[in-house]
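Engineer: One predicted model, sequence on top.
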Amino acid sequence: MTERSAVGWLRNRFTAERLNRLLPVPRGADAPSVRTAIVTDSAAGLLPEWTEPAEARGWFAVVPLSIMAGDEIFSDGPEAVAALGIALAAGRPVRTSRPAPGLFERVYRELAQAGYGGIVSIHLSGALSGTADAARLAADRVGVPVHVVDTRSAGLAEGFAVQAAAAAAAAGDDADGVLAALRGALEGAEVRFFLPSLEQLRRGGRIGAAASWVGTVLSIKPLLAIRDGQIVPIERIRTSARALPRLRELSVADARRRLSPRLAVHYFGNRGEADELARELSDELGGDADVTVSPLPAVLAAHTGLGVLAIVVSGAPLTGAEGP
């Protein structure tokens, strides 16, 4: 393990431990009883160090999306990431698919049978995937209230909202309280990212408002964002050397307008760059910023391609702060 990758591993380890403290295991007669179960999808980008202990508590579940690389189908996870990297490097086409409604139905029924009185199901933007629609179809088939939330976002912008909802559920909140915590975490959350090329977005049909830039893809290094659930262009930059500092500049300015901001850096195939970017963000924000480094879920990386770097900024805006 190199010094740089060791630093990244330690950062993720310590971040996971801080996040786990958000979900204390109830103990004793005075401990709150969890009433509302939480379901999400793998596009939330949550680290296994967080999801595995959360799922072990019985009231939290992650439903995987799938990718097809060649003739093989993989559920989102380490195996899918490896297969996707090989397929993209070889120039082979890849596809993604939402979970079947039946998979959501099975998860919901198991939670209902376990005695939870309600379920909050939190998902990837409906403008990018049919996942939330599949969840809604399943929700109509089970005997407990299921609140399906389209986050209009992806990655850890979705994931941080899931964690806020899970913390509320662990504290014993009902569905209304969980939804309030979720919406508070989603409010104003930003996902900005840099792509070496728009080609993979174009192939996957997720290019949206950036379509007009395809003709100049060789001469620009686009900065993009997810706004109201869709991928939109925010700036044209001529070189990678200028694009990444600008991405960092926008994100730092955004974080400074927030109370207790949380940040994440997503990557695919370029962990060293992600670690360096996270270190720079932490340094510029005084060293106290909570910066998580997380691989981009395979179902998202299939549309961005290799070399993506994304920065998520979440947190309540400071009173009177103006947006970007």
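Structural biologist: Yep, that arrived.

Engineer: Show me where the stretch 201-324 of the chain dips below the pLDDT cut-off.
Structural biologist: Across the stretch 201-324 of the chain, the ranges flagged by pLDDT under 70 are 202-220, 287-288, 320-324.

Engineer: Next: the stretch 1-150 of the chain.
Structural biologist: Ranges of the stretch 1-150 of the chain meeting pLDDT under 70: 1-32.

Engineer: the helices in the stretch 51-200 of the chain, which residues?
Structural biologist: 78-89, 101-113, 131-139, 155-170, 175-186, 199-204 (DSSP state H, counting those that start in this stretch).

Engineer: Of all those, which one is nearest I231?
Structural biologist: Closest of the helices of the stretch 51-200 of the chain to I231 is helix 199-204, at 6.9 Å (criterion: CB to CB). (Each C-beta comes from the backbone N, C-alpha and C, glycine too.)

Engineer: Next SSE downstream of the closest one?
Structural biologist: The helix or strand immediately downstream of helix 199-204 is strand 221-227, counting by DSSP states H and E.

Engineer: so how far is that following strand off the chain centroid?
Structural biologist: The chain centre lies 16 Å from the centre of strand 221-227; the measure is CA atoms, centre = their mean, to the nearest Å.

Engineer: Who does that strand pair with, and is each partner parallel or antiparallel?
Structural biologist: Counting by DSSP bridges, the strands paired with strand 221-227 are strand 190-194 (antiparallel), strand 230-237 (antiparallel).

Engineer: got the angle between the shortest one and helix 155-170?
Structural biologist: Yep, that's strand 190-194 we're talking about. Going by axes from the mean of the first three to the mean of the last three CA atoms, to 10 degrees, strand 190-194 is angled at 150 degrees with respect to helix 155-170.

Engineer: got a list of contacts for strand 190-194?
Structural biologist: Strand 190-194 has contacts (CB atoms under 8 Å, 6 or more residues apart in numbering) with 153-155, 157, 221-226, 234, 240, 243-244, 247, 250-251, 254, 266, 304, 308-314, 324.

Engineer: which among those residues end up buried?
Structural biologist: 153-155, 157, 221-226, 234, 243-244, 247, 250-251, 254, 266, 304, 308-314 (16 or more other CB atoms under 10 Å).

Engineer: thinking again about what came up before, of the helices of the stretch 51-200 of the chain, which approaches W50 most closely?
Structural biologist: Comparing these by their distance to W50 (CB to CB), the top pick is helix 155-170, with 7.4 Å.

Engineer: From the contact counts, what lies against that closest one?
Structural biologist: Helix 155-170 is packed against strand 36-41, strand 118-123, helix 175-186, strand 190-194, strand 258-267, strand 290-295, strand 309-317, with contacts defined by 3 or more CB pairs under 8 Å, 6 or more residues apart in numbering; DSSP states H and E.

Engineer: One more pass at 7 Å, please.
Structural biologist: The contact analysis (3 or more CB pairs under 7 Å, 6 or more residues apart in numbering; DSSP states H and E) places helix 155-170 against strand 36-41, strand 118-123, helix 175-186, strand 258-267, strand 309-317.

Engineer: In TSV, list the ones you listed along with distance to E284.
Structural biologist: Below are the helices and strands packed on helix 155-170 laid out as TSV (distance: least, CB to CB, whole Å):
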stretch	distance to E284
strand 36-41	30
strand 118-123	30
helix 175-186	23
strand 258-267	11
strand 309-317	12
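
Engineer: out of these, which comes closest to D71?
Structural biologist: Closest approach to D71 among the helices and strands packed on helix 155-170 is made by strand 36-41 (24.1 Å; CB to CB).

Engineer: the inter-axis angle of the closest one versus helix 155-170?
Structural biologist: Going by the same axes, to 10 degrees, strand 36-41 is angled at 170 degrees with respect to helix 155-170.

Engineer: Next, the angle from strand 36-41 to helix 175-186.
Structural biologist: 40 degrees.

Engineer: Note down every partner strand of strand 36-41 and its orientation.
Structural biologist: Partner strands and pairing direction for strand 36-41 (DSSP bridges) are strand 60-63 (parallel), strand 118-123 (parallel).

Engineer: Quick check, Y108 in contact with V146.
Structural biologist: Yes - assessed by CB atoms under 7 Å, Y108 is found in contact with V146 at 5.8 Å.

Engineer: residues shared between the contacts of the two?
Structural biologist: I119, A139 (CB atoms under 7 Å, 6 or more residues apart in numbering).
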